[in-house]
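Undergrad: Predicted model follows, preceded by the sequence.
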Amino acid sequence: MTKSGDKDSGHETKPAETPSPWVAKMIDRVTPSCREVTRLISESYDRNLTPVERVQLRLHYKICSLCIRYKDQLATLHNGLAHHDKEAAEHRPETLSPKAMERIRRCLDENR
């Protein structure tokens, strides 16, 4: 579980048993729309969601497998990009080459 408590550790979330129709209707009334849920899922990577937002998401997941799929896909992308960034950082030079530094100096001198 991560800081917001909504993203899982890279494995897919299975939808819970489908609630009875009246429970699903009640959940639908108290949870945000799918559009709002996808916004909250995305925001959860940038900030800690409030406890109310986390509860709303968890309730919404009870009735919406598409939002679960979106959350899982976004987690996969996030994890893949984080892994790629770590690998890229290992191969990135700490400083510019002397040749690049000289080109920058020349450009700065020309623009003065």
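TA: Received the coordinates, thanks.
Undergrad: Give the buried residues for the longest helix along the chain.
TA: If you go by DSSP state H, the chain has its longest helix at helix 65-91. Applying a neighbour-count criterion of 16 or more other CB atoms under 10 Å, one finds Cys67, Ile68, Tyr70, Lys71, Asp72, Leu74, Ala75 buried in helix 65-91. For glycine as for every other residue, the C-beta is placed from the backbone atoms N, C-alpha and C.
Undergrad: thought the first one was touching Arg35?
TA: What it means is Cys67. No. The criterion here is CB atoms under 8 Å, and Cys67 misses it with Arg35 at 10.0 Å.
Undergrad: counting contacts, what elements does the longest helix of the chain pack onto?
TA: helix 34-43, helix 51-63 (3 or more CB pairs under 8 Å, 6 or more residues apart in numbering; DSSP states H and E).
Undergrad: Which among those is found nearest to Ala82?
TA: helix 34-43 (15.4 Å; CB to CB).
Undergrad: Show me what counts as buried in that closest one.
TA: For helix 34-43, using 16+ other CB under 10 Å, the buried residues are Val37, Thr38, Leu40, Ile41.
Undergrad: Now for the third one: which residues touch it?
TA: With contacts defined as CB atoms under 8 Å, 6 or more residues apart in numbering, Leu40 is in contact with Asp6, Pro32, Leu49, Glu53, Gln56, Leu57.
Undergrad: Averaged over its residues, which helix or strand of this structure has the lowest pLDDT?
TA: helix 21-30 (a mean of 79; mean pLDDT, DSSP states H and E).
Undergrad: Report the distance from that one to the chain centre.
TA: The gap between where helix 21-30 is centred and where its chain is centred comes out at 27 Å by CA atoms, centre = their mean, to the nearest Å.
Undergrad: Also stretch 41-48?
TA: 6 Å.
Undergrad: Would you mind putting the CA coordinates of it into CSV?
TA: Taking C-alpha atoms only, stretch 41-48 is exported to CSV below (Å, rounded to 0.1, in the frame of the first residue of the first chain):
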residue,chain,number,x,y,z
ILE,A,41,-7.0,8.1,-8.9
SER,A,42,-4.7,10.2,-10.9
GLU,A,43,-4.4,12.8,-8.1
SER,A,44,-3.5,10.1,-5.6
TYR,A,45,-0.1,9.9,-7.2
ASP,A,46,0.5,13.6,-6.5
ARG,A,47,-1.1,14.0,-3.1
ASN,A,48,-2.5,12.1,-0.1
